[in-house]
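In: sharing a model prediction with you, sequence too.
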Amino acid sequence: MSNEELQALFGEFQELNQGLQQIEKQLSLIANQVVELTVSKQYLEDLHKVKEGTPILVPISNGIYAKASLLDNEQLIVNIGANTMLPKTKSEAQSLIDSQITELREMQAALSEEMKENAEKAVALENEMRILAANK
């Protein structure tokens, strides 16, 4: 086998490794989103314990809050996309979060499978390159 063919295999191997790194990053981001959604779901669970009229802090931006009073602990305003807000019950909001978590977990499973397949290809390429390099 020529050096060009070995270099081509090595290039393919590097591409697979870069793809694996990208998948790892995506999996990490998804895991963080699942954690955030799980925490949000817990906040919704705890919301019914807060009495109406109770002073609360409302997040405005990262680390910035406004003082407010809770007017309703059963009805929430949910952004459904394109800056459109709709009133939802606590259980409807929890269902929305559950479906988002399910969707993210499905993405995790698909990415994990893709990562497994690419890792197997990378190992096979690495073995092939070793054999070819040894036979040179």
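Out: Okay, I see it.
In: contacts and neighbour counts: CA atoms only from here.
Out: Will do.
In: which pLDDT value goes with residue 136?
Out: At residue 136, the pLDDT value in this model is 67.
In: residue numbering should commence at 792 henceforth.
Out: Okay, residue one is now 792; in that scheme the one you just asked about reads as residue 927.
In: list the contacts for the most centrally placed residue in the chain?
Out: The geometric centre of the chain, computed from its C-alpha atoms, lies nearest to residue 821 (CA atoms, centre = their mean), at 1.2 Å. Neighbouring residues of residue 821 by CA atoms under 8 Å, 6 or more residues apart in numbering: 895, 899.
In: so how far is residue 894 from it?
Out: Plainly put, residue 821 is 10 Å away from residue 894 if you go by CA to CA, to the nearest Å.
In: overlap in contacts of the two?
Out: If you check residue 821 and residue 894 against CA under 8 Å, 6+ apart, no residue is contacted by both.
In: tell me the pLDDT of the residue lying closest to residue 913 once chain neighbours are set aside.
Out: Ranked by CA to CA, 6 or more residues apart in numbering and with sequence neighbours excluded, the top spatial neighbour of residue 913 is residue 804, at 5.8 Å. Per-residue confidence for residue 804 comes out at a pLDDT of 91.
In: near residue 804, how many other residues are there?
Out: A total of 21 residues lie near residue 804 under the criterion other CA atoms under 10 Å.
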